[in-house]
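Engineer: with the input below, show me the fold.
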Amino acid sequence: MRTTYLVCYDIADPKRLRRVFRTCKNFGDHLQFSIFECDLNPSEKAQLETSLRETINGSEDQIIFVTLGPTEGRGSRVISSIGMPYVTMNAPCFVF
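Structural biologist: Below you'll find the predicted structure:
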């Protein structure tokens, strides 16, 4: 069974940030600067977590998984926003 997760991260180092971004991009859809929506089965989630653990510095960085529930039967994804309208992000990660 596939489950939908929001994967949100706060990474202190630009090099690690780029690696985390690339890893998450392989598993889900980029919603906002540090937020991805990922539909994962248990094996894929374990693989993503392992890749991210190997990339981050646990004392400086944080990654949060928010479980949105089963992918099946959930209906269409609805994203609403306050302020600037939500648009699909097809942009690379820029670190200055």
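Engineer: and Ile64, how far is that from Ile11?
Structural biologist: Relative to Ile11, Ile64 is positioned 12 Å away (criterion: C-beta to C-beta, to the nearest Å). In this view, the C-beta of every residue, glycine as well, is placed from N, C-alpha and C.
Engineer: what about the two, which has more around it?
Structural biologist: Ile11 (22 against 12; other C-beta atoms under 10 Å).
Engineer: tell me which element the closest residue in space to that one that isn't next to it in sequence falls in.
Structural biologist: Nearest residue to Ile11, sequence neighbours excluded (C-beta to C-beta, 6 or more residues apart in numbering): Leu17, at 4.1 Å. Assessed by DSSP states H and E, Leu17 sits inside helix 14-25.
Engineer: identify the residues contacting that helix?
Structural biologist: Applying C-beta atoms under 8 Å, 6 or more residues apart in numbering, the contact partners of helix 14-25 are 7, 9, 11, 30, 36, 38, 48, 51-52, 55-57, 61, 63, 92-93, 95.
Engineer: what's the average pLDDT for it?
Structural biologist: With pLDDT averaged residue by residue, helix 14-25 scores 96.
Engineer: show me what counts as buried in that helix.
Structural biologist: Applying a neighbour-count criterion of 16 or more other C-beta atoms under 10 Å, the buried positions in helix 14-25 are 16-21, 23-24.
Engineer: need the residues you listed in JSON lines (columns: distance to Glu44).
Structural biologist: Listed next are the buried residues of helix 14-25 as JSON lines, based on distance: C-beta to C-beta, whole Å:
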{"residue": "Arg16", "distance to Glu44": "22"}
{"residue": "Leu17", "distance to Glu44": "22"}
{"residue": "Arg18", "distance to Glu44": "22"}
{"residue": "Arg19", "distance to Glu44": "18"}
{"residue": "Val20", "distance to Glu44": "16"}
{"residue": "Phe21", "distance to Glu44": "18"}
{"residue": "Thr23", "distance to Glu44": "12"}
{"residue": "Cys24", "distance to Glu44": "12"}
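Engineer: and those residues, which is closest to Glu72?
Structural biologist: Distance to Glu72, by C-beta to C-beta, is smallest for Cys24 among the buried residues of helix 14-25, at 22.4 Å.
Engineer: if anything else comes up later, I'll come back, but that's it for now.
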